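S.K.: Next come a sequence and a model predicted from it.
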Amino acid sequence: MDFETLLSYEWGVMMPEFIILGVAVALSLIDLFMPENRSRRLLGLFAFVGVAVSFVSLLGLWTSDVTSILGDTFRLDSFAKSFKALLLIGSALVLLLALHYEPKERIAYRGEFYYLFLTALLGAMMMTSSGDLITLFIGLELLSLSSYILVAIRKKHTLANEAALKYVITGSIATAITLFGMSYIFGFTGSTNIKEIAGQLASTYDENHQYILSLAFLLTFVGLSFKLAAAPFHMWAPDVYQGATTPVVSFLSVVSKTAGFVIVLRVIVSVFAQTPSGSSASMLMTLAPYIAFLAGATMIIGNTIALRQRNVKRMLAYSSVAHAGYVLVALASLSMFMFEAIWFYLLAYLFMTIGAFAILQVVSQHHDDEDVSIFAGLYRRSPLMAIAMTIFLLSLAGIPGTAGFIGKMNIFLGAFVVEPAHYVLASIMVVTTVVSYVYYFGIFVQMFFRPVEHTHRLEWPPGVIAVVVICVIGTVLLGVFPNIAYDFLAPFEHFSDFLQ
Amino acid sequence: MNVYVNSYVVVFVFLCLGILLPIVALTAGRFLRPHAPNAAKQTTYESGLDPFHDSRVQFNVRYYIFALLFVIFDVETVFLYPWAVAFEKLGAFALIEMLIFVVMLLIGLVYAWKKKVLKWM
C-alpha cells in the first residue's frame, strides 16, 4: 500500500473513533503525570466532553453515503451510525454517573477507570462498523479486556475480585468458542472479509456443507451469547453485577450488551442471511429455531429467578438477562423491521436502565447496602426521585405510555408479521412480562407503602439529577411519541445498505 | 480420500509408538537393573549440589511483572525485524503504522515507569 491510496481514504468517517482514541491516550498520560492526591474529577469531565464531541462528529456524518475504507475492514453504513449513536449516548450518561460515584472505600484507580472506560467504548464502536472478522474480533477483545479490569477496579473488595475472576474465566472461554466458530467460517470461504464470505457462501450450495456450516453458526452464536448474558450462558451476570461498582454495572448492562447485539447482527445476519439452505430460503431461517429456543429460555429463566432476589443489583442483573431475551425474540422472528425493532428496544432499554441505576447508585451509596429494603419510604424522603424510579420501573415492566412498552410492542408485532408466526415465542413473552411485574412492583411497595426507616436526607449530586432528568424525558417522550426516534432512522431506508 | 485416511494411519502409528516406547524402556530397565537403594541416591538431583530447604517457596511477584514487561518488548522486536527487512517494499504506510505501534508501547513503558514497576523495592 503506498502513500497515495493512504491519502485517498476518507479518514473523516473514522472521526468519532479517532476522537475517543485521542482522548483515551491523552487521559492516560495526564493521569500519570498528575500529582497523586489531586482529584480525578477533571479527567472524568474531559472524558465526558470527548464522548460528547465524538457524538457531534457522528451526527455530522449522519447523512453521508456508505463509505468503506482500509480494504473494506471499516465501513460506515446506516447500521454502524445508528448503533454508534446508542453506544455514545449510553456512555455519556454512564460517565456522568461515574463522576459522582463516591463509595465508602476510596477507589485508588479513578484515572484508570476513565480511560479504560473509553477504550471499552472504542472497542464497541469498532465492532459496529467493522466489515471484517478480524477487526470485529479485535473490537470484541478490546471491549472485553477493558471491562474485565473495570469490574476489578475496586482492588481491595472481595466481591469485586470474585466477580472479576469469574468474568475473566467465562469471558475467555466464550471468546475461545466464538473464535473456533469463526475459524470454521474462515475455513469454508478462505476469507475474513464479511462481504466476501457472504458472497462465497451465497454462490455455492452443497448438501454436505450444511451440517458443518450450522456447527459454525452454533459455535459462534453460543460464544457471543455470553456477551448478551442470554440463558443458559448468563451465570456470570448476577455475580459480576453484584461485585462491580454501579457505573460499571450500568456500562455492562447497556453499552456492553448493545455491543453484543451489534456483533451478533454483524456476524450472524450478514454471513448466514444469504446462504442457501435445503429446506428454507436461507441458512439463517433454518437455524432461527435455535435462536428462538434461546430467546424463550432466556425470558423464562431471567424473569423467574429475578423473583427470588433481595439484592437490587442481582435483581436488575436477572432483569437485564430477561431483556436480552426480548431482543432475541426480534432476532429469531427475522421480520422486515428487525433492525428498527432491536435499535428502538435498545434505546428504550438504555434510558430506563441507566435511570434506574442512577437512583440505585445514590440510594445504595447512602445506606452502604443493596438490599431492596433501602428503598423503604423513598417517596417520603425524595418524592420526585421516587416518581422517576416509578417511571423507569414501569418502562422496564412494559406498561403503556413508556418507551419500554413501544419497544416490546414492536418486537411482539414483529413475531406475528412473519410466516409462520411465532405464537409460542410471543406468548412466552407476554407471560414472562406479567411475571416480571411482581419483582418490579416489589420496589414500588418499598418506595410508597413501607414506613421510613431512615430519616437522613438523601444528597442528589447534580450529575445524577441530570442523568435522571434525561432518562425520564427519554422514557416518557419515546413512549408517547416513538416517531421521534424513528425520524432519526429515516435517512437509512430500513437499513437497506446492511448487506450491500 | 485414501491418501487422506492414510496420513492419519501414520499419525496413529506414531501415537502408538510414542506410548509404547517409555513403557517398554522402563519395564526393560526394571528387570535389568540391580535393586540397591541408599539415602544419597534418593535425594533430589540438583546438578550435583546438595539440595537445601523446601522446593515450594514463594517467589517475589515482581519477577512476574518483569517477565511480562520483557515479553511485551520482546514481541515488539519480533514485529520490528521483519518490517525493517521489508522496509523498501512496504513504504510509508508501514512506517506510519509502525510508529503508531511503537508509540503505543512507549505509553505502556511510561505507565510502567510512573507506576514504579521498574524499581526493585
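M.R.: Noted; the coordinates are in hand.

S.K.: okay, now B:Trp113: neighbour count?
M.R.: Neighbour count for B:Trp113, taken as other Cβ atoms under 10 Å in any protein chain shown: 12. To be clear about C-beta, it is placed using only N, CA and C from the backbone, and glycine gets the same treatment.

S.K.: nope, A:Val435 is what I meant
M.R.: A:Val435, neighbours per other Cβ under 10 Å, totals 17.

S.K.: What is the least confident helix or strand in chain B?
M.R.: Counting by mean pLDDT, DSSP states H and E, chain B has its least confident helix or strand at helix B:39-42, which shows a mean of 80.

S.K.: Pull out the buried residues from it.
M.R.: Going by neighbour count (16 or more other Cβ atoms under 10 Å in any protein chain shown), nothing in helix B:39-42 comes out as buried.

S.K.: that's a helix at A:Ile212, yeah?
M.R.: Yes: counting by DSSP: H, G, I helix; E, B strand; the rest coil, A:Ile212 is part of a helix.

S.K.: mind listing the helices for chain B?
M.R.: Assigned by DSSP state H, the helices in chain B fall at B:2-32, B:39-42, B:62-85, B:87-114.

S.K.: least reliable of those going by mean pLDDT?
M.R.: The stretch with the lowest mean pLDDT among the helices of chain B is helix B:39-42, at a mean of 80.

S.K.: So which of the helices of chain B is nearest chain A?
M.R.: Closest to chain A of those, according to Cβ to the nearest Cβ: helix B:87-114, at 4.3 Å.

S.K.: Off-centre distance for that closest one?
M.R.: Centroid separation for helix B:87-114 versus its chain: 26 Å, with Cα atoms, centre = their mean, to the nearest Å.

S.K.: does chain A sit close to that helix?
M.R.: Yes: using Cβ under 8 Å from any Cβ of the partner chain, helix B:87-114 reaches chain A at B:Gly91, B:Ala92, B:Phe93, B:Ala94, B:Ile96, B:Ile107, B:Val110, B:Tyr111, B:Lys114.

S.K.: For that helix, list every residue counted as buried.
M.R.: Residues B:Leu90, B:Met98, B:Ala112 are the ones in helix B:87-114 that count as buried (16+ other Cβ under 10 Å).

S.K.: for those residues, which one is nearest B:Thr27?
M.R.: Of all the buried residues of helix B:87-114, the one with the least separation from B:Thr27 (Cβ to Cβ) is B:Ala112, at 52.9 Å.

S.K.: Could I get the average pLDDT for the helix or strand that contains A:Ile342?
M.R.: Using DSSP states H and E, A:Ile342 falls within helix A:338-367. The pLDDT scores in helix A:338-367 average 91.

S.K.: could you say what helices and strands it packs with?
M.R.: When contacts are defined as 3 or more Cβ pairs under 8 Å, 6 or more residues apart in numbering or on different chains; DSSP states H and E, helix A:338-367 sits against helix A:78-99, helix A:246-250, helix A:257-264, helix A:312-333, helix A:383-397, helix A:403-417, helix A:462-480, helix A:483-489.

S.K.: The helices of chain B: which one's closest to A:Ser335?
M.R.: helix B:87-114 (42.7 Å).

S.K.: and the angle for that closest one with helix B:62-85?
M.R.: Per axes from the mean of the first three to the mean of the last three Cα atoms, to 10 degrees, the angle that helix B:87-114 makes with helix B:62-85 is 160 degrees.

S.K.: In terms of secondary structure, what does helix B:87-114 contact?
M.R.: helix A:3-8, helix A:15-33, helix B:62-85.

S.K.: Which positions in chain B make contact with chain A?
M.R.: Chain B comes close to chain A at residues B:Gly91, B:Ala92, B:Phe93, B:Ala94, B:Ile96, B:Ile107, B:Val110, B:Tyr111, B:Lys114, B:Lys115, as judged by Cβ under 8 Å from any Cβ.

S.K.: can you list these in JSON lines and add distance to A:Asp206?
M.R.: As requested, the residues of chain B next to chain A are exported to JSON lines (distance: Cβ to Cβ, whole Å):
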{"residue": "B:Gly91", "distance to A:Asp206": "42"}
{"residue": "B:Ala92", "distance to A:Asp206": "44"}
{"residue": "B:Phe93", "distance to A:Asp206": "39"}
{"residue": "B:Ala94", "distance to A:Asp206": "40"}
{"residue": "B:Ile96", "distance to A:Asp206": "43"}
{"residue": "B:Ile107", "distance to A:Asp206": "49"}
{"residue": "B:Val110", "distance to A:Asp206": "54"}
{"residue": "B:Tyr111", "distance to A:Asp206": "51"}
{"residue": "B:Lys114", "distance to A:Asp206": "58"}
{"residue": "B:Lys115", "distance to A:Asp206": "55"}
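
S.K.: Give the buried residues for the longest helix belonging to chain A.
M.R.: Ordering each helix of chain A by length in residues (DSSP H) puts helix A:158-189 first. With burial defined by 16+ other Cβ under 10 Å, the residues of helix A:158-189 counted as buried are A:160, A:163-164, A:166-168, A:170-171, A:174-175, A:177-179, A:181-182, A:184-186, A:188-189.

S.K.: Stretch B:55-70 now?
M.R.: For stretch B:55-70, it's none, nothing buried (16+ other Cβ under 10 Å).

S.K.: Export only the CA atoms of it, formatted as CSV.
M.R.: Provided in CSV are the C-alpha atoms of stretch B:55-70 (Å, rounded to 0.1, in the frame of the first residue of the first chain):
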residue,chain,number,x,y,z
SER,B,55,11.3,-26.5,46.9
ARG,B,56,7.9,-24.9,47.3
VAL,B,57,8.8,-21.3,48.2
GLN,B,58,7.1,-18.0,47.4
PHE,B,59,8.6,-16.0,44.6
ASN,B,60,8.5,-12.2,44.7
VAL,B,61,5.6,-11.2,42.5
ARG,B,62,7.9,-8.6,40.8
TYR,B,63,9.5,-11.4,38.8
TYR,B,64,6.2,-11.9,37.0
ILE,B,65,5.8,-8.2,36.2
PHE,B,66,9.3,-8.0,34.9
ALA,B,67,8.7,-11.1,32.8
LEU,B,68,5.5,-9.6,31.4
LEU,B,69,7.3,-6.3,30.5
PHE,B,70,10.1,-8.3,29.0
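
S.K.: re the thing from before, against which helices or strands is the next helix-or-strand element following the helix holding A:Ile342 packed?
M.R.: Downstream of helix A:338-367, the next assigned helix or strand under DSSP H and E is helix A:378-381. If contacts are counted by 3+ Cβ pairs under 8 Å, 6+ apart, helix A:378-381 sits against helix A:383-397.
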